[in-house]
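Asks: The sequence isn't on hand, but the structure is:
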Ligand SMILES: Cc1cc2nc3c(=O)[nH]c(=O)nc-3n(C[C@H](O)[C@H](O)[C@H](O)COP(=O)(O)OP(=O)(O)OC[C@H]3O[C@@H](n4cnc5c(N)ncnc54)[C@H](O)[C@@H]3O)c2cc1C
């Protein structure tokens, strides 16, 4: 029975991928009563139960980087994602910027992982022929009242070890970028852009060549801590709408919860996990508009204003095809139900009316922006650990030393610079949590 379930599961979830997971202790008799953990039916039927080595929940850029790293270090990794393929949520809805590491408090995880992650990412992109470009970036002060904030960024960046930072007078910056208007600018030559999809595809390939197996269309419904071990209850995504019936119980030695916007919702469903360790979720949507009607991009560098609350300000990002986009803005949205965060049922529509706010913001540093040139682009949602008017919060990476559950690593609040940091987060997890 178990074998046929696994075969069915593999076929349904992974298409032509190799068999789903290594059976450590599974046979048809190792079934369990349906668990009564939150979110799982407590019916009388039994479900299959399997021991596995490592489970990564979430095939976004962070989950993929972790899966690749662990599989390269010899672990058998099973990656579960509720979507039909990798990278469909925040990892494909961002600015695709390789951040230098300027903005973050010194010694924070964001500062540490951004710096290390940037180094690793540029090296990875070069070695694996992932399209990328060190464009450089200008953070601009458009009025004298903003100069102290620019000075502070210079100071932070220097403390964070970002190399090559240089303060430019307005005329120097405008000589570099004739369309720009500013009174002073901070030049960050280390900043750049990359093709995130190619990067993720490469991570998937490397993970698969190692010891990793992907199971898409597979939702983690809940879990339970039993005798200091995590048990996960999973089901096919398509059955989730019909009720939360777990179809399989997995008992991994190591679980990495990299579920992005859904990470807290999952942890809240871990029966026996001390809920004091689950931080509250806050979501901030960011919309992008693209520039139409220009033959060539108005800027060669990325151009950022002084950061605003909740984001880095409506900035200019270029992609590798020369498309110019402006954004993301910050719109705090209500945290929704678990199902929305598990199945990515968020509203990503970009209201064209938001352009009314973009034009004046952008014209502060790009006065030549023509009326009618902004076209609604896309949006993404930041998985934040703080809300409006609250102080910023660092990434949270929690293992047994924090919450007391062996073999469970939770990643919470992996907002920007999560893409830049992904390889460094993976390295950290492998160094710290592999026994
Ligand atoms: C607007 C915006 C701009 C950004 N710009 C940048 C930038 O320029 N540079 C930068 O470094 N960073 C940037 N970031 C941050 C970066 O995009 C994120 O930090 C990164 O993509 C997070 O990756 P992730 O793998 O943690 O999450 P995700 O990509 O969200 O992946 C999580 C995965 O978990 C899956 N999942 C969720 N719940 C379940 C469940 N119950 N069962 C199974 N699977 C589940 C989802 O389907 C999803 O695939 C930006 C973010 C936003 C929102």
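Replies: All right, it came through fine. Model, not experiment: these values are computed from the prediction.

Asks: Excluding its own residues, what touches the lengthiest helix in the chain? List them.
Replies: In the chain, assigned by DSSP state H, the helix with the most residues is helix 109-127. Under the contact criterion C-beta atoms under 8 Å, 6 or more residues apart in numbering, helix 109-127 has outside partners 98-101, 103-105, 130-132, 134, 160-162, 190, 192, 194, 199, 202, 394-395, 397, 417, 420-425, 427-428. From N, CA and C alone the C-beta is placed, and that goes for glycine too.

Asks: at 6 Å what do you get?
Replies: Residues outside helix 109-127 that contact it (C-beta atoms under 6 Å, 6 or more residues apart in numbering): 98-99, 101, 104, 132, 160-161, 194, 394-395, 417, 420-421, 423-425.

Asks: and if you look at stretch 204-221?
Replies: 13-14, 17, 20, 39-40, 57, 67-68, 71-72, 76-82, 84-86, 232-237, 240, 244, 246, 266, 342.

Asks: Please report the distance of residue 111 from residue 235.
Replies: For residue 111, the distance to residue 235 equals 39 Å [C-beta to C-beta, to the nearest Å].

Asks: Residue 367 too?
Replies: 54 Å.

Asks: How about residue 118?
Replies: 38 Å.

Asks: Residue 99 now?
Replies: Applying C-beta to C-beta to residue 99 and residue 235 gives a distance of 37 Å.

Asks: what does residue 110 give?
Replies: Residue 110 is 34 Å from residue 235, by C-beta to C-beta.

Asks: So whatever residue of the stretch 101-250 of the chain ends up closest to the ligand, which state does it fall into?
Replies: The nearest approach of the stretch 101-250 of the chain to the ligand comes at residue 220, 3.8 Å away (C-beta to the nearest ligand atom). What DSSP: H, G, I helix; E, B strand; the rest coil gives for residue 220 is strand.

Asks: what are the bridge partners for it, then?
Replies: Note on residue 220: beta-bridge partners by DSSP bridges are residue 234.

Asks: That one: how many residues sit nearby?
Replies: If you count neighbours by other C-beta atoms under 10 Å, residue 220 ends up with 27.

Asks: and residue 59, what does it touch?
Replies: 79, 81, 86.

Asks: List phi and psi for the first one.
Replies: Main-chain dihedrals, residue 79, degrees, to the nearest 10: phi -100, psi 120.

Asks: I figured it hits residue 56, correct?
Replies: Yes - proximity of residue 79 to residue 56 meets the contact threshold set by C-beta atoms under 6 Å, at 4.7 Å.

Asks: Of those two, which one has the most company?
Replies: Taking neighbours as other C-beta under 10 Å, residue 79 and residue 56 compare with residue 56 leading, 33 against 30.

Asks: Brilliant, that's me finished.
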